[in-house]
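Asks: Pasted the sequence and its predicted model underneath.
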Amino acid sequence: MSEGPKHWVSVAGAVIDDQKRILAIRRRDNNHWEPPGGILEVEEEIRDGLIREIREETGLEVSPGKLSGVYKNMTRGIIALVFRCDLLRGELQATEEAEEARFLTPFEIHELMDEAYACRLLDALEPGVAIRSHDDVSL
């Protein structure tokens, strides 16, 4: 039996501050603003991978909460799980992976991010779990 296409699983966090701003990073590799997160390692638990990715990209320690969205990148074959997260501690900083990390308003998210990534953070402000597909840029 031949193997068909494979999917990757990524995780991302929506860390919301008391002013309803949401944490985002500007990636070093493509200069795009995105939610902090990344691809899970094969042996990694979902929550552990989320905590690791956010720490690596922002310097912050978080506690993952409820799932806020499931997103499929149809172009790249990536399933993204996005979780609301509580900030525990740490100091926001640029890292090897992120040129910049900061809390953005919903307006800034609309202005700075492609629709496919903006919705992952904006959906976290709403109740329930969003399920969406996109082409790596647009829904």
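Replies: Done, it's in. Numbering: from 1, shown residues only.

Asks: ok, Ala24 to His7 distance?
Replies: Plainly put, Ala24 is 24 Å away from His7 if you go by CB to CB, to the nearest Å. The way it works is simple: take the backbone N, C-alpha and C, and place the C-beta from them, glycine included.

Asks: Looking at those two now, which is surrounded by more residues?
Replies: Ala24 (28 against 10; other CB atoms under 10 Å).

Asks: Give me the pLDDT for that one.
Replies: In this model, Ala24 is scored at 98, pLDDT.

Asks: and it, that's in a strand?
Replies: Yes - the assignment for Ala24 by DSSP: H, G, I helix; E, B strand; the rest coil puts it in a strand.

Asks: Looks like Leu104 contacts Lys20 (just checking).
Replies: No - counting by CB atoms under 8 Å, Leu104 does not reach Lys20; the two are 10.4 Å apart.

Asks: which one of these two has more residues nearby?
Replies: Leu104 (18 against 10).

Asks: Quick check: the nearest residue to the more buried one once chain neighbours are set aside vs Cys119, distance?
Replies: Using CB to CB, 6 or more residues apart in numbering and skipping the chain neighbours, the partner closest in space to Leu104 is Ala24 (5.0 Å). Per CB to CB, Ala24 is found 13 Å from Cys119.
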